[in-house]
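**Student:** this one's structure only:
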């Protein structure tokens, strides 16, 4: 970028604009998928497996087919005629290729797996009929744990693979083995996150409309990445991409669950086409919990070679992820990032990782807000363990190992380059704000009164945006570019679109600010049109904290290009030789001279009118119209950083953890919309706290999911979550438009680590170390009992 | 199952509906009456998104058969802003404090909190959080919702003072 990215240079970015989305959402006039009705629509209901792992020996749909309202019941055989098999076989070393049909043909792989689909005239009737489908099973032994899955005689989740280990990748620096062997002291730590699910409050659902006349499929669906979704859907239906339109209405949260084309959606679309009638489906909550998409369930072990001062001279990571039964993403996709960015803000030149991903008889995994969530807990938890073993202050060990802010750009041992971050500043600022100096005394005083207080610190270097070069380097298929258009209509109205799709992040507001910044108009006068693949340009969608930099950044660049054209027209209309001294402010052309701004009589509307309706008045050779489509491929990664501080009191008799203070110091660069960014940070931290303290998808040993209800899968309510203080120490990214970075996932990473480390600190007198989640009262009591 | 005709009073208006007696109030409000602001998040009474006011009290419309609400007055999110579309104070504060993101849980939260503030006009933060704990929000972490409720109360006090000084 040419500009300095100095925050003060921006008029619209970095301000708070009250959200444009709010009016419809606050008054009950939002339009979510399930609010849309189509004349003649039919309802889909899925028959699901009641076994964790079984052969389907017989399927009898006779009675169900005769039930009231039933139009048809389809099975794997029907679907294989109408859909292709998904083959996921990217050329990634150590990753096995997989294939997946629309419905499983001969065996089910998890409790809740799909078997058949009932189509009826009414949702209630479809559900009635689904209960009448008789499935005969031949039960198979289920494999329900990652370690059991790796045993030689383990039952196979996918026989085609010949192994449950779907991905195995490793890396080491030249001297790491030698250093580990020669080390005086090796500190070993383990970390285990529980299996979780995304839990958007709006479950998944869709409506598929087949237009027989134009041979066209329109799919209404809450989805984060409409264009890639369309590509996959068209391919699997054997349609041309131009025969499919995806329309995304308001979406009630995604968090990564609404990216992939799942089997249910494919089946609904195939049936709409086959029946030539609209078909709708809304997942119920139990289906969402049991069978949509799960996440996390990582086990990590670090071995850190340290000197007597606590300096890390070498680090080895072993990471295993339980990916469940099906892969809608390459299985290495999530865990690999953890391994690549683990060392983050610390100066660790010698490093090795070994990452295994295994299949089990559970619901398949997908990326959930911060797929690399465990990273910062592993790293700062390791630091805390070093401090504990060497009887050092954990802050001292952090300071000793942390790179100086002046050391950036810094390339990690894995080759990842971090720049424009300030972890040292964030740590020190937070220590001061939380009064760490006096904390230890308070802690000791409290202990004498039987009050167990602890503080947890977690430094986060958050990988955000993910440009194409990162994908290429990491061996992950996909692009990281984004596309946007900005149009000024003949009336002077400004519209913009991009390929990303909001699931609650307020893009209509933030992107208005990006357009306003680039073009020179009032953000209130900009209309943002997202989610319809016939309107929006092909982009890669919302994931990996790329909304601001890839989405907003591209919108900004397109707007700036429109401004350039508008000013060239303005110069001609004003009789000037060049547009050098012209700019647009709040829709009016201004003239800069001698440090003074002077408004001209010309407005953007005048320019637009000329561009469309009087093209002979345009500069020579200029094409009529006032619109620009722009693609932008961001840097391989834009790194943000933060430091999280969590102060807890643990009631040792009950195991209840009370968060007394939560503070985060954030550097997520320049931002588009201040209030929205803070909202994202609050949401991410809350998701991390809820996840590490309460959430757990529990499978019993036979593979039955015990957490199909919201009353069984605990998500934090307003009573459990703390007030979160945010301090900004932002520095802009030097390469991106406006100096933007991403930020919506780091809160999860930091809070997981901060709360875990805080509880360990509080329970130091009992030698209890938090090495697994959730940190529930029950689990804490168990740990405390063992410690006595 | 045969259908039964009955009358429901929603937002002060009578609606004739013809539905199976097993049909949930949430489904009837959304699909038969066409007021889609009432959202269905779990259908087992935990998430609170489908909360409506029945006789002024917050109720999960997914746990009530529509026929059970016969003869009672039901209020939904569409009736909270006034006829000009002007926000209630709580809605205004939720807007100003960024108390919603995806907005799917918002209607349930607005109705729950409107009723709560009527019965408890001066609650502590802990009481607000307790009252809010029956509504799940995955986006916000609740902080800005709590802030919005507190500001609504503050605004109420200011208005009381203004009235007193007249």
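**Tutor:** Cool, got the structure. Remember, predicted model here, so these are calculated numbers, not experimental data. Numbers count the residues shown, from 1 in each chain, chains lettered A, B, ... in the order given.
**Student:** for the residue of the stretch 201-350 of chain A found nearest chain B, which non-adjacent residue is spatially closest?
**Tutor:** Distances between the stretch 201-350 of chain A and chain B by C-beta to the nearest C-beta are smallest at residue A:252, namely 3.0 Å. The C-beta positions use only the backbone N, C-alpha and C, and glycine is treated the same way. For residue A:252, the nearest residue in space outside its immediate sequence neighbours is residue A:202; the separation is 2.4 Å by C-beta to C-beta, 6 or more residues apart in numbering or on different chains.
**Student:** for chain B, which segments count as helices?
**Tutor:** Counting by DSSP state H, chain B has helices at residues B:25-27, B:89-96, B:106-119, B:125-132, B:143-165.
**Student:** follow-up on the earlier one: which helix or strand contains the residue nearest to residue A:252?
**Tutor:** If you go by DSSP states H and E, residue A:202 is not part of any helix or strand.
**Student:** circling back: quick one, what contacts the residue of the stretch 201-350 of chain A closest to chain B?
**Tutor:** For residue A:252, the set of contacting residues under the criterion of C-beta atoms under 8 Å, 6 or more residues apart in numbering or on different chains consists of A:32, A:200-202, A:222, A:503-504, B:39, B:41, B:102-105.
**Student:** could you turn the buried ones of these into a ChimeraX selection?
**Tutor:** To isolate in ChimeraX the members of the contacts of residue A:252 that are buried, counting by 16 or more other C-beta atoms under 10 Å in any protein chain shown, one can use:
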select /A:32,200,201,202,222,503,504 /B:39,41,102,103,104,105
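**Student:** phi, psi of the residue most central in space within chain A?
**Tutor:** Centroid-nearest residue in chain A, with C-alpha atoms, centre = their mean: residue A:369, separated by 3.5 Å. Torsion angles at residue A:369 (phi, psi; degrees, to the nearest 10) stand at phi -10, psi 110.
**Student:** can you check residue A:580 too?
**Tutor:** phi -50, psi -40.
**Student:** so the chain: which segments form each domain?
**Tutor:** In the absence of a named chain, this looks at chain A. Recorded structural domains for chain A (assignment: automatic domain parsing) are A:7-28+A:481-632, A:33-140+A:203-251+A:258-291, A:294-469+A:636-787.
**Student:** chain B is the one I meant
**Tutor:** For chain B, whose domains are defined here by automatic domain parsing, the residue ranges read B:4-79, B:89-165.
**Student:** chain A: which of those domains is closest?
**Tutor:** Set against chain A and scored by C-beta to the nearest C-beta, the domains of chain B come closest in domain B:4-79, at 2.0 Å.
**Student:** for chain B, where's the lowest mean pLDDT among helices and strands?
**Tutor:** Of all helical and strand segments in chain B, the minimum by mean pLDDT, DSSP states H and E falls on helix B:143-165, at a mean of 91.
**Student:** taking the centroid of chain B, which residue is nearest it?
**Tutor:** Taking C-alpha atoms, centre = their mean as the criterion, residue B:111 is the residue nearest the geometric centre of chain B, at 2.1 Å.
**Student:** tell me the contacts of the nearest residue to that one once chain neighbours are set aside?
**Tutor:** Nearest residue to residue B:111 in three dimensions, chain neighbours excluded: residue B:51, at 5.0 Å (C-beta to C-beta, 6+ apart). Residues in contact with residue B:51 (C-beta under 8 Å, 6+ apart) are B:58-61, B:107-109, B:111-112, B:135.
**Student:** ok, now with 7 Å
**Tutor:** Applying C-beta atoms under 7 Å, 6 or more residues apart in numbering or on different chains, one finds that residue B:51 lies in contact with B:58-60, B:108, B:111-112.
**Student:** distance-wise, check it relative to residue B:130.
**Tutor:** Computed with C-beta to C-beta, to the nearest Å, the distance linking residue B:51 and residue B:130 is 16 Å.
**Student:** equivalent analysis for residue B:43, please.
**Tutor:** Spatial separation of residue B:43 from residue B:130 under the definition C-beta to C-beta is 24 Å.
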